[in-house]
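*Asks:* Give the three-dimensional model of this entry:
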Amino acid sequence: MNAVPARAALVRLGALGAALVGLTALGLALVAGRPAGNPGTGRTLAVVAVQLAAGAVYLAAAALVLRRGLPRRAVWVVLAAAAAMRALLAPIAPPLSSDLYRYVWDGRVQAAGINPYRFVPADPRLAFLRDGAVFPRINRARTAPTIYPPMAELVFAAAGRIAPGVGGMKAVMLGADLLTIGALLALLRQAERPAAQVLLYAWAPLPVWEFAGNGHVDALAAALVTLALLVAARSRRGLTGMLLAAATLVKFLPAAIAPAFWRRWDLRLVAAFVATVALLYAPYLGVGARVFGFLPGYATQEGLLSGRGVFLLDLLRLAVPLPGWAGPAYAAALALVLLTLALRFGFGPALPAAPPDRVRVLARQAAMLGAVALVGVSPHYPWYFGWLVPLVCLAPSPALLYLVAASVLLTLDPVHHLGIAALVYLPPAALALWQRRTPRTRR
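*Replies:* Have a look, this model is predicted:
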């Protein structure tokens, strides 16, 4: 590309970045001065509309970057806009979710030497830890112990001792988000892709709002997944298994991508994964079976066990009544699909020796497994997709880019408004089918 078109493309990129920063500022103005995690129905709708507009700008910027016509200095435009968006949201209290207050509470409980899985926050034995800033904002404080796995709890404990409070916990999650950006830059270099492609993560409204804004722990899962890709590209199988286990024990769902990193008879990765899981659970085993916390209750409340709340089953119920065993049957079918993909990857061709090809294959296979698991489970909250975004950065496709941009719609109660879930999940399925049927040259 000659100098004039390259300069014009850079100007376009800067304009799109400025638009995203402006939309972030507009969203911030909509939630400013409102109770943390509760902006009100009207304002929530307005913020989601702003995020969708940002998603459209993000997709336009992604198309520009993926054409590979930008000069090398474009990465500085990308990083400047990414930093500006995060700087706007990082200092404020979580605007759209109260989950961060549970993280702070769990860190406080552990700093007092108490197992976080032992008591619900409202238990009288924890009364001495309560205050007026954190405790009143904890969700399910009277009914649920913590749901978070051990790796997340260890991070909460460290933050509770080093940087206690909402600001300190948000700083930890923002640090994980920035670590992801740094690791992605290293991976893009290994994959021989333009550094400006980090935009596919750094400008996505999902990590900007859910990590820098709401401080969700999924930022930590995203960082660990990205680091696992980085070390796997260098054939460090033991460390890869450890990082995948740590990511799994932040939010469980990243376990779905582990088979992408495994090849037949790779016992080192498996042993490292299992040993890390055991090591991370060990400090909390004093509560016995309660070490899984609120996970079974949460799965019941969200309809994951009965199948009510799973998008594909709810969609099918519109046409025909389903028997009681439909939920377990669906779960078995989803597990079979994931197992089939796992066996296809694990017993397929060996991973390429060349780092560029190795990164691409790993990212593509991990993204496929992650997307199938997430769409199959159909989470009801957008931040559950956060750990998938780094994989989309390295293995972009129309289906995945749309899913990342549209997932913000899940803020608007997709359980009782099935049309919202349909807007999130059906178009990516159509795009994926189109991808498979359309020759690469035409795409």
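*Asks:* Just give me the residue right at the centre of this protein.
*Replies:* Gly386 (1.8 Å; C-alpha atoms, centre = their mean).
*Asks:* That one touches Leu206, doesn't it?
*Replies:* Yes. With contact defined as C-beta atoms under 8 Å, Gly386 and Leu206 form a contacting pair (5.9 Å). Just so you know, the C-beta spots here come from the backbone N, C-alpha and C atoms, and that holds for glycine as well.
*Asks:* mind listing the helices for the stretch 51-200 of the chain?
*Replies:* 74-89, 99-111, 150-162, 166-190, 199-202 (DSSP state H, counting those that start in this stretch).
*Asks:* among those helices, which is the most enclosed?
*Replies:* Stretch with highest mean neighbour count among these: helix 199-202 (a mean of 28; mean count of other C-beta atoms under 10 Å).
*Asks:* Output the longest helix belonging to the protein.
*Replies:* helix 3-31 (DSSP state H).
*Asks:* Remind me what it packs against, helices and strands.
*Replies:* Where contact means 3 or more C-beta pairs under 8 Å, 6 or more residues apart in numbering; DSSP states H and E, helix 3-31 is packed against helix 41-66, helix 74-89.
*Asks:* Those helices: lowest mean pLDDT?
*Replies:* Mean pLDDT values for the helices and strands packed on helix 3-31 show the minimum at helix 41-66, a mean of 93.
*Asks:* Name the residues of that one that come out as buried.
*Replies:* 43-44, 46-48, 50-55, 57-59, 61-62, 64-66 (16 or more other C-beta atoms under 10 Å).
*Asks:* Leaving aside the residues adjacent along the chain, what's closest to Asp218?
*Replies:* Gly386 (3.8 Å; C-beta to C-beta, 6 or more residues apart in numbering).
*Asks:* check contacts around that neighbour.
*Replies:* 206-207, 210-211, 216, 218-219, 221-222 (C-beta atoms under 8 Å, 6 or more residues apart in numbering).
*Asks:* Save those as CSV, and put in distance to Leu178 too.
*Replies:* Listed next are those as CSV, based on distance: C-beta to C-beta, whole Å:
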residue, distance to Leu178
Leu206, 16
Pro207, 10
Glu210, 15
Phe211, 9
His216, 15
Asp218, 15
Ala219, 9
Ala221, 15
Ala222, 11
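*Asks:* Determine which two of those residues are furthest apart.
*Replies:* Farthest-apart pair in the contacts of Gly386 is Leu206 and Ala221; separation 13.0 Å (C-beta to C-beta).
*Asks:* Can I get the helices of the stretch 51-200 of the chain in JSON lines including distance to Leu433?
*Replies:* Putting those into JSON lines (distance: least, C-beta to C-beta, whole Å) gives the following:
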{"stretch": "helix 74-89", "distance to Leu433": "31"}
{"stretch": "helix 99-111", "distance to Leu433": "35"}
{"stretch": "helix 150-162", "distance to Leu433": "36"}
{"stretch": "helix 166-190", "distance to Leu433": "28"}
{"stretch": "helix 199-202", "distance to Leu433": "22"}
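*Asks:* Nearest to Ala271 among those helices would be which one?
*Replies:* Using C-beta to C-beta, the nearest of the helices of the stretch 51-200 of the chain to Ala271 is helix 150-162, at 18.2 Å.
*Asks:* Please list the residues outside the closest one that contact it.
*Replies:* 103-104, 106-111, 116, 146, 148, 168-169, 172, 217, 220, 224, 246-251, 280-281, 283-284, 291.
*Asks:* do the same with stretch 347-359
*Replies:* 187, 190-192, 229, 232-235, 263-264, 361-362, 394.
*Asks:* Return the set of buried residues in the lowest-mean-pLDDT helix or strand in the chain.
*Replies:* In the chain, the helix or strand scored least confidently by mean pLDDT, DSSP states H and E is helix 295-301, which has a mean of 83. Buried residues in helix 295-301, counted by 16+ other C-beta under 10 Å: Leu295.
*Asks:* From the chain's centroid, how far away is it?
*Replies:* Relative to the centre of its chain, helix 295-301 is centred 20 Å away, using C-alpha atoms, centre = their mean, to the nearest Å.
*Asks:* mind starting the numbering at 34 from now?
*Replies:* From this message on, residue numbering opens at 34, which makes the last subject helix 328-334.
*Asks:* Toward the C-terminus from that helix, list the very next helix or strand.
*Replies:* helix 344-350 (DSSP states H and E).
*Asks:* Give me the buried positions along that next one.
*Replies:* 344-347.
*Asks:* Which neighbouring elements make contact with it?
*Replies:* helix 359-379, helix 451-470.
*Asks:* Which one, of those helices, ends up nearest to Ala196?
*Replies:* Of these, nearest to Ala196 by C-beta to C-beta is helix 451-470, at 34.7 Å.
*Asks:* Who are the packing partners of the closest one?
*Replies:* helix 344-350, helix 388-410, helix 431-439.
*Asks:* tell me the mean pLDDT for the first one?
*Replies:* Helix 344-350 shows an average pLDDT of 89 in the prediction.
*Asks:* And the contacts of it?
*Replies:* Under C-beta under 8 Å, 6+ apart, the answer for helix 344-350 is 340-341, 355, 359-360, 363, 408-409, 411, 447-448, 451, 454-455, 458.
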